[in-house]
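J.: just coords:
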């Protein structure tokens, strides 16, 4: 997430193209690099229900230009994985993320690799559509202001 750039987001196609990962040198400098494994380079579908929120995020919070980072800190600096990694792990556990979703996130364990071999772009889109249905269902439960 920390390495995503504006050019990696295809709003019309509802796709995120993951091309790079962020790394941190011992002196604290950040740089983008190739993901750890081939599974890390991927295209992931996202639900149509997130297009408006993603558009707003890009307009108000992302760095400028096609090479601008999608997620930046409050003062415009690059995010450090350590700032949000624990929250991300807790959220995935609370959501009961399945192995297919691990594949969508680029994990390269042997189980994820097996699943990845059988996963198609149609299945990826089906997962995104199911996430969209969950968003719609959650929105009804929380009320119109949420």
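T.: Yes, it's here. Here the structure is a predicted model, which means the values were calculated and not measured.

J.: Backbone dihedrals for the closest residue to residue 69 other than its chain neighbours, both of them.
T.: Of all residues not flanking residue 69 in the chain, residue 63 sits nearest, at 4.8 Å (C-beta to C-beta, 6 or more residues apart in numbering). Where C-beta positions appear, they are placed from N, C-alpha and C, glycine not excepted. Note on residue 63: backbone dihedrals following degrees, to the nearest 10 are phi -70, psi 150.

J.: Quick check, residue 63 in contact with residue 75.
T.: No: look at residue 63 against residue 75 with C-beta atoms under 8 Å: they stay out of range, at 11.3 Å.

J.: helices or strands up against the lengthiest helix in the chain?
T.: As assigned by DSSP state H, the longest helix anywhere in the chain is helix 121-142. Helix 121-142 sits against strand 42-45, helix 99-104, with contacts defined as 3 or more C-beta pairs under 8 Å, 6 or more residues apart in numbering; DSSP states H and E.

J.: tell me which residues of it are tucked away?
T.: 124, 125, 127, 128, 129, 131, 132 (16 or more other C-beta atoms under 10 Å).

J.: Mind picking the two most distant members of those?
T.: The most widely separated members of these, counting by C-beta to C-beta, are 124 and 132 (13.0 Å).

J.: Name the residues contacting each of these two.
T.: Residues touching both residue 124 and residue 132 (C-beta atoms under 8 Å, 6 or more residues apart in numbering): none.

J.: returning to that earlier point: what about the residue nearest to residue 69, how many neighbours?
T.: 16 (other C-beta atoms under 10 Å).

J.: Also residue 65?
T.: Applying other C-beta under 10 Å, we find 10 residues neighbouring residue 65.

J.: now swap in residue 17 and tell me
T.: Neighbour tally, residue 17, other C-beta under 10 Å: 16.
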